[in-house]
Each structure stands twice: as structure tokens, then as C-alpha cells.
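Engineer: The sequence isn't on hand, but the structure is:
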């Protein structure tokens with residue numbers, strides 16, 4: 001089981017989420033709530049979950065945060081997130 005203990009934000013991923021119509025709060029809410037791991041690819045994790053407002057999000061996380069040397073400690077870098085409209 002994967003437990004998300006924290007997310008690392010920077011200008012790039014904040015702007016990327018904004019372009020997809022997803023807020024940081026929504027990503028935080030899903031990652032710190034109930035979610036399903038859909039698949040893993042190249043150490044990246046695809047998370048699927050719902051916000052309390054009913055928005056279903058797919059979130060791609062990378063555990064490779066070399067700045068914090070936090071690999072394997074539940075700290076992830078959100079690469080992208082988008083709303084699933086046909087779920």
C-alpha cells in the first residue's frame with residue numbers, strides 16, 4: 001500500500017495543474033484521503049480518487065524528489081492531474 005505523507009510543489013507543477021483546471025487543494029484532498037492506485041510506470045504512480053465535491057481526478061505522482069532525498073518516505077511530486085469526465 002502506498003501512503004502519501006506529503007506533496008512537493010513548485011511553480012511548474014502548480015501551473016501545469018492550473019492548465020488542467022485542477023487546484024492544489026483538490027490534489028491534496030485526494031492524495032490525503034481515499035484513493036485507488038490504478039497503475040505504476042517507471043516508479044510513477046497513477047492515483048484515482050474523488051474530491052468531497054464529487055470531482056474524480058487522475059493524479060500522476062513521482063516519488064523521485066532528489067532535492068529532499070525523500071524517495072520511499074511517502075513524499076511525492078505531483079506531475080499532472082486531470083478530471084475524469086467519463087467515470
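Structural biologist: Received the coordinates, thanks. A quick note: this is a predicted structure, and the numbers were derived from the prediction, not measured.

Engineer: and the end-to-end length of stretch 29-39?
Structural biologist: 20 Å (C-alpha to C-alpha, to the nearest Å).

Engineer: just stretch 62-74 next, same as before
Structural biologist: End residues of stretch 62-74 are separated by 10 Å (C-alpha to C-alpha).

Engineer: tell me the average confidence for that stretch?
Structural biologist: Averaged across stretch 62-74, pLDDT comes to 65.

Engineer: Give me the buried stretch members for the worst-scoring helix or strand of the chain on mean pLDDT, please.
Structural biologist: When the helices and strands of the chain are scored by mean pLDDT, DSSP states H and E, strand 35-41 comes last with a mean of 80. By neighbour count on 16 or more other C-beta atoms under 10 Å, the buried set for strand 35-41 is residue 35. Glycine gets a C-beta too; all of them are placed from N, C-alpha and C.
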